[in-house]
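no sequence on hand, only this structure:
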C-alpha cells in the first residue's frame with residue numbers, strides 16, 4: 001500500500017493569498033428593446049402573411065381593378081420552368097415578368113384570369129393556361145401589373161424588416 005504524504009503548517013508551502021480588495025464592476029442596466037409599433041393596416045397584413053401565407057391586394061392598373069396575391073413556392077418553380085428556354089436571351093425579362101404576372105393575378109375587374117374546367121386540373125396546368133392569357137396581353141399592361149406585384153413584395157419585405165424578421 002502506498003503511503004500518502006501530508007503537509008502540515010511547518011512545511012514550506014505557500015498558499016495563494018486572498019485578494020485584499022474586491023474589484024467591483026458596475027452592473028449594466030439591461031438594454032431596453034425598441035418596441036416596433038405597427039399601424040392597423042400593417043398588423044392586418046403581417047397577420048395574414050403569417051397565418052394564411054398569402055396576401056391579396058387590389059390595384060388600379062391602367063383603369064382596371066387587378067387583384068394580385070403573393071406567389072407560392074410552386075408558383076416560383078412554375079415561373080422557373082416557364083422562363084427556362086429564355087434564360088440568357090434578350091427575351092428573358094419579358095418572359096419572367098409574364099410568368100410572375102400569370103402566377104400572381106387573381107382577378108381583373110372581378111373576373112378570374114382563368115377558371116379551371118374541372119377539379120382535376122393540376123396547379124401547373126392552371127398556371128400554363130394563365131400564362132397563355134398573359135402572353136396575349138400587351139407589354140405595357142404586363143409591365144404595369146408586374147410593377148404592382150413588385151410593390152406588394154417590397155411592402156411585405158419592409159414590414160418583415162421593420163419587425164426584425166428579415167435581415168438586410
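Nice, thanks for sending it over. Everything numeric in this text was worked out from a predicted model, so none of it was measured. Numbers count the residues shown, from 1 in each chain.

what segments of this protein are helices?
Counting by DSSP state H, the chain has these helices, from start to end: 40-51, 73-83, 92-104, 123-135, 139-162.

can you list contacts of the fourth one?
When contacts are defined by CB atoms under 8 Å, 6 or more residues apart in numbering, helix 123-135 is touched by residues 74-75, 78, 82, 98-99, 101-103, 105, 113-114, 116, 142. All C-beta atoms are positioned from the backbone trio N, CA, C, and that covers glycine.

and that helix, what's buried?
Using 16 or more other CB atoms under 10 Å as the test for burial, helix 123-135 gives 126, 127, 128, 129, 130, 131, 134.

in TSV: these, plus pLDDT and distance to residue 160.
Listed next are the buried residues of helix 123-135 as TSV, based on pLDDT from 0 to 100; distance: CB to CB, whole Å:
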residue	pLDDT	distance to residue 160
126	96	28
127	97	26
128	97	31
129	97	32
130	98	27
131	98	28
134	98	28
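
save the residues you listed as JSON lines, and put in distance to residue 61 too.
Converted to JSON lines, the buried residues of helix 123-135 look like this (distance: CB to CB, whole Å):
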{"residue": "126", "distance to residue 61": "22"}
{"residue": "127", "distance to residue 61": "20"}
{"residue": "128", "distance to residue 61": "23"}
{"residue": "129", "distance to residue 61": "21"}
{"residue": "130", "distance to residue 61": "16"}
{"residue": "131", "distance to residue 61": "18"}
{"residue": "134", "distance to residue 61": "13"}
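
which one of these is nearest to residue 40?
For the buried residues of helix 123-135, the closest approach to residue 40 (CB to CB) belongs to residue 130, at 32.8 Å.

still on that earlier bit, return the member of the buried residues of helix 123-135 nearest to residue 93.
Closest approach to residue 93 among the buried residues of helix 123-135 (CB to CB): residue 134, at 14.3 Å.

sweet, I'm off.
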